[in-house]
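Undergrad: A predicted structure for the sequence below; I have some questions about it.
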Amino acid sequence: MGESYRDLIAWQKAIRLVTEIYEATGQFPRDELYGLSSQLRRAAVSVPSNIAKGQAWFSRKEFHHFLAPARGSLVEIETQLIISQNLGYLSSRAVELLLAQAAELGRILNGLIASIKRAA
């Protein structure tokens with residue numbers, strides 16, 4: 001548990017996803033600035049933020065406690081990406097790529113959660 005949150009693959013991949021989400025939502029219609037675009041961005045930022053906060057506690061129990069909201073934000077992102085596609089804000093290909101990143105991050109988070117439970 002002594003490593004920095006920045007050393008965690010989950011955090012690194014979450015940061016990459018945030019960047020991709022910001023780039024993708026940059027092309028949303030202007031009237032979505034405070035709607036779906038904002039929700040997607042907040043959910044995306046929440047994932048690495050919760051990973052970092054949890055790791056900073058240096059307690060497995062607390063780390064686990066913060067990984068659950070990170071996982072919850074990830075499924076919010078997946079849902080909001082599908083809505084964005086349905087509304088024509090993002091192409092099917094863009095959504096497919098972002099969903100693949102989110103799924104990979106979800107598997108990594110699940111593995112991290114499982115390893116913390118085993119170590120407890």
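TA: Noted; the coordinates are in hand. Here the structure is a predicted model, which means the values were calculated and not measured.

Undergrad: could you look up the SS state of Leu90?
TA: coil (DSSP: H, G, I helix; E, B strand; the rest coil).

Undergrad: quick check, it in contact with Glu23.
TA: No - between Leu90 and Glu23 there is no contact, the gap being 10.9 Å when judged by CB atoms under 8 Å. No exception for glycine: its C-beta is placed from N, CA and C like everyone else's.

Undergrad: buried sites along the helix or strand hosting Ala24?
TA: When elements are defined using DSSP states H and E, Ala24 is found to belong to helix 9-25. Taking 16 or more other CB atoms under 10 Å as the basis for neighbour counts, the residues of helix 9-25 that come out buried are Ala10, Trp11, Gln12, Lys13, Ala14, Ile15, Leu17, Val18, Glu20, Ile21, Ala24, Thr25.

Undergrad: tell me the helices and strands packed up against it.
TA: In terms of contact count using 3 or more CB pairs under 8 Å, 6 or more residues apart in numbering; DSSP states H and E, helix 9-25 is assigned the packing partners helix 36-56, helix 60-86, helix 92-119.

Undergrad: please consider this matter closed, and thank you.
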